[in-house]
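Peer 1: give me a 3D structure for the following:
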Amino acid sequence: MTVAVLDIDGTLVDTNYQHAIAWYRAFRQHGIVLPIWRIHRHIGMGGDQVVGALTDEETERDKGDDIRASEKTLYFQLIDEVQPMSGSRELIEQLKARGHTVVLASSAKEDEVDHYLDLLDARDLADGWTSSADVESTKPAPDLVSAALERAGGSPEDAVMVGDTPWDVEAAAKAGVPTVAVLTGGFGLAELEEAGAKAVFESVAELCQQLDQTPLS
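Peer 2: Sure, this is the predicted structure:
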């Protein structure tokens with residue numbers, strides 16, 4: 001049995017660009033205008049780290065919580081536009097049929113995760129899921145992956161992560177878990193491989209077709 005730890009945002013559901021827009025608008029509301037391409041480069045990193053990574057310690061200290069609160073509100077104005085990635089539910093079904101334990105991994109707030117579970121119709125299919133309530137430190141820290149393994153009762157030696165950003169790959173590596181990546185988060189093949197991804201596929205749908213070529217075979 002292998003534990004399949006499936007990232008949600010950008011992997012199973014198409015959220016990365018909505019988040020980039022929400023962060024852009026949140027920063028702008030607080031007098032900070034950043035290029036959206038720079039913001040996108042940090043999508044996948046935990047929201048508690050994004051402000052400091054994109055600005056500086058003073059901005060994080062003085063405005064970080066307010067910017068994050070704005071981003072949450074602004075993102076929820078866009079969340080109805082979010083759609084599942086093609087093949088997402090099929091991937092979960094295939095992994096379950098192969099005898100794997102499937103945990104959906106997210107450090108998003110519980111209400112966001114609830115929305116995605118409904119969107120994927122995955123509540124009765126996945127073996128478990130995580131939210132921000134389950135982690136002390138967000139990606140690229142390994143807490144999210146470790147929490148998913150704990151939820152599954154598994155160990156790093158018997159687990160594989162599926163993600164879409166270098167932050168996913170880095171977090172999984174720190175937890176001792178290899179990553180299979182997809183390009184749907186908007187990051188390139190070379191940078192996902194450089195981060196340490198064991199295999200990279202164009203999409204979840206392509207991954208479904210080539211599972212036998214991955215550690216999830």
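Peer 1: can you pull the contacts of residue 89?
Peer 2: 120, 121, 122, 125 (C-beta atoms under 8 Å, 6 or more residues apart in numbering). From N, CA and C alone the C-beta is placed, and that goes for glycine too.
Peer 1: contacting residues for the residue sitting furthest away from the middle of the chain?
Peer 2: Outermost residue of the chain with respect to the C-alpha centroid, by C-alpha atoms, centre = their mean, is residue 31; its distance is 28.0 Å. By C-beta under 8 Å, 6+ apart, residue 31 lies in contact with nothing.
Peer 1: now swap in residue 75 and tell me
Peer 2: 18, 19, 22, 112.
Peer 1: measure residue 19 to residue 97 for me?
Peer 2: 32 Å (C-beta to C-beta, to the nearest Å).
Peer 1: again with residue 91
Peer 2: Residue 91 is 11 Å from residue 97, by C-beta to C-beta.
Peer 1: so between these two, which is more surrounded?
Peer 2: residue 91 (23 against 8; other C-beta atoms under 10 Å).
Peer 1: and the more buried one, what element?
Peer 2: helix 88-97 (DSSP states H and E).
Peer 1: again with residue 168
Peer 2: Assigned by DSSP H and E, residue 168 falls in helix 166-174.
Peer 1: what about the longest helix in this structure?
Peer 2: helix 57-76 (DSSP state H).
Peer 1: can you show me the CA trace of that one as PDB?
Peer 2: Output of helix 57-76 as PDB, limited to C-alpha atoms (Å, rounded to 0.1, in the frame of the first residue of the first chain):
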ATOM      1  CA  GLU A  57       9.900  42.200   7.300                       C
ATOM      2  CA  GLU A  58       8.500  45.600   8.100                       C
ATOM      3  CA  THR A  59       5.500  45.200   5.700                       C
ATOM      4  CA  GLU A  60       4.900  41.700   7.100                       C
ATOM      5  CA  ARG A  61       4.900  43.100  10.700                       C
ATOM      6  CA  ASP A  62       2.800  46.100  10.000                       C
ATOM      7  CA  LYS A  63       0.400  44.900   7.300                       C
ATOM      8  CA  GLY A  64       0.700  41.100   6.900                       C
ATOM      9  CA  ASP A  65      -2.400  40.000   8.800                       C
ATOM     10  CA  ASP A  66      -4.500  42.700   7.100                       C
ATOM     11  CA  ILE A  67      -3.300  41.800   3.600                       C
ATOM     12  CA  ARG A  68      -4.000  38.100   4.300                       C
ATOM     13  CA  ALA A  69      -7.500  38.900   5.500                       C
ATOM     14  CA  SER A  70      -8.100  41.000   2.400                       C
ATOM     15  CA  GLU A  71      -6.800  38.200   0.200                       C
ATOM     16  CA  LYS A  72      -9.200  35.700   1.700                       C
ATOM     17  CA  THR A  73     -12.200  38.000   1.200                       C
ATOM     18  CA  LEU A  74     -11.100  38.800  -2.400                       C
ATOM     19  CA  TYR A  75     -10.400  35.200  -3.200                       C
ATOM     20  CA  PHE A  76     -13.900  34.200  -2.100                       C
END
